[in-house]
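1. sequence and computational prediction follow.
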Amino acid sequence: MEIAVISGKGGTGKSFISAALATLKEKVLLADCDVDAANLYLIFEPTHEDEAIYIAGESAVIDHKKCSRCGLCISYCRFDALSFDKEHKVDVNETNCDGCRLCAKICPEKAIVMIQNDKSRMYSGTFRNGKMVYGRLAPGEENSGKLVNMVRDKAKKVAKENNLDTIIIDGPPGIGCAVISSITGVDHAVIVTEPTISGMHDLKRTFEVTDKFNLKTWVIINKYDLNEKISKEVEQYCRGKNIQVLANIAFDPGVVQAMVNKKSITEYAPNSVISQQIENAFQKINTHGK
Ligand code: SF4
Ligand code: SF4
């Protein structure tokens, strides 16, 4: 069973829910697919048993010995990735470079070559409640969802090899390619939302995506007590769409304390109300099955 925990935007508490679901009694495979901002490895400190390079497109590199400084490439680059530096040498802004290769094609001196962006990685190893696979996208490298696919393929393989029936996926926020890659083919999608106007808007957008993919979708309202009026509106929306709200989680500083202590809330405060709610949520999903 694959459960993807997602949210329409960052900062809703998605990762703390994923961490809690990953540290209940049952051993699991935890796949951190939030490759732009992977953070669960910081809490769980998994061993590194395998590492793979992810090639995230290409970047332009200038051969300054060949470059005549004509400036043609700068005027053609639509991504503002090229400029003259203080010494009037062509400088490449790697973050802006889209790898389109236009500059390399039009350079009269053949002074531009394309090199692969190879700083992003996928890791897999063991953590204290099973196996963990995660991706780390290097700053400025492109997240087209391919690294997420790589993490998910590896997660399925490792889960099978280790007889782990449950895969918990911590998905990226938003509704872009990486999210689509995180939820394609999963058995359950859990949308974590907060009771704010923007949270409600993001929930609707996210549900539109999971609905298109025909996924069994659940909702967790985090910090529901910060605005009980909007929480009720969220519940009403969910009822209208036939989505079950798994839990209304109250604001609790213990969640942050748990993270500071490199623990999930279910490890840090196993008898707390939140831990009980997460346990119940998992049971509901599990009972529903595939
Ligand atoms: S087009 Fe080629 S020769 Fe002209 S500035 Fe760019 S790199 Fe240099
Ligand atoms: S590869 Fe494309 S985006 Fe990158 S510097 Fe060249 S023209 Fe600009």
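-> Right, received. Where do you want to start? Ligands and ions are numbered 1, 2, ... in the order given.
2. state the pLDDT value of the nearest residue in space to residue 65 that is not next to it in sequence.
-> Once flanking residues are discounted, residue 65 sits nearest to residue 111: 8.0 Å by CB to CB, 6 or more residues apart in numbering. Where C-beta positions appear, they are placed from N, C-alpha and C, glycine not excepted. We have a pLDDT of 98 for residue 111.
3. quick one: residue 111 from residue 59, how far?
-> 15 Å (CB to CB, to the nearest Å).
4. kindly report the same for residue 35.
-> Taking CB to CB, one finds residue 35 at 19 Å from residue 59.
5. the two: who's more crowded?
-> residue 35 (27 against 21; other CB atoms under 10 Å).
6. confirm that the more buried one lies within a strand, as I assumed.
-> No. With DSSP: H, G, I helix; E, B strand; the rest coil as the criterion, residue 35 is coil rather than part of a strand.
7. show me what contacts it?
-> Residue 35 sits next to 120, 134, 135, 136, 137, 143, 147, 148, 151, 172, 178 when contact means CB atoms under 8 Å, 6 or more residues apart in numbering.
8. if we use 6 Å, what do you get?
-> 135, 137, 147 (CB atoms under 6 Å, 6 or more residues apart in numbering).
9. now residue 39. Its backbone dihedrals?
-> Dihedral angles of residue 39 (phi, psi; degrees, to the nearest 10) stand at phi -140, psi -10.
10. mind checking how far it is from residue 90?
-> Residue 39 is 37 Å from residue 90, by CB to CB.
11. between the two, who's got more neighbours?
-> Remark: of residue 39 and residue 90, residue 90 carries more neighbours, 24 against 13, as counted by other CB under 10 Å.
12. I figured that one hits residue 62, correct?
-> Yes. Using CB atoms under 6 Å, residue 90 is in contact with residue 62, at 4.8 Å.
13. that older thread, which ones among the contacts of residue 35 lie within strands?
-> Within the contacts of residue 35, residues falling in strands by DSSP state E are residue 135.
14. wait, a helix at residue 225?
-> Yes. Residue 225 forms part of a helix when assessed by three-state DSSP.
15. and the nearest residue to it once chain neighbours are set aside, how far from ligand 2?
-> Closest residue in space to residue 225, ignoring its immediate chain neighbours: residue 250 at 4.7 Å, by CB to CB, 6+ apart. Separation of residue 250 from ligand 2 (CB to the nearest ligand atom, to the nearest Å): 48 Å.
16. now do residue 250 against residue 195, distance only.
-> Residue 250 sits 11 Å away from residue 195, going by CB to CB.
17. so which of those two has more stuff around it?
-> residue 195 (23 against 14).
18. wait, that one touches residue 228, no?
-> No. Using CB under 6 Å, residue 195 is not in contact with residue 228, being 7.3 Å away.
19. what lies in contact with the worst-scoring helix or strand of the chain on mean pLDDT?
-> The least trusted helix or strand in the chain, going by mean pLDDT, DSSP states H and E, turns out to be helix 177-183, with a mean of 91. For helix 177-183, the surrounding residues in contact (CB under 6 Å, 6+ apart) are 4, 33, 143, 144, 145, 148, 149, 169, 171, 172, 189.
20. repeat the analysis, applying 10 Å as the threshold.
-> 2, 4-8, 31, 33-36, 135, 137, 142-152, 169-173, 175, 189, 206, 209-210, 212-213, 215, 217 (CB atoms under 10 Å, 6 or more residues apart in numbering).
21. kindly export the helix or strand that comes right after it (C-alpha atoms) in CSV.
-> The helix or strand immediately downstream of helix 177-183 is strand 188-193, counting by DSSP states H and E. The C-alpha trace of strand 188-193 is given here as CSV (Å, rounded to 0.1, in the frame of the first residue of the first chain):
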residue,chain,number,x,y,z
HIS,A,188,-4.1,6.8,-1.1
ALA,A,189,-3.5,10.5,-1.1
VAL,A,190,-3.6,12.4,2.2
ILE,A,191,-3.9,16.2,1.7
VAL,A,192,-2.7,18.2,4.7
THR,A,193,-4.3,21.6,4.9
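22. can you give the distance of the following helix or strand past strand 188-193 from its chain's centre?
-> Following strand 188-193 in sequence order, the next helix or strand is helix 197-212 (DSSP H and E). Put simply, helix 197-212 sits 17 Å off its chain's centre (CA atoms, centre = their mean, to the nearest Å).
23. so for helix 197-212, mean pLDDT?
-> 95.
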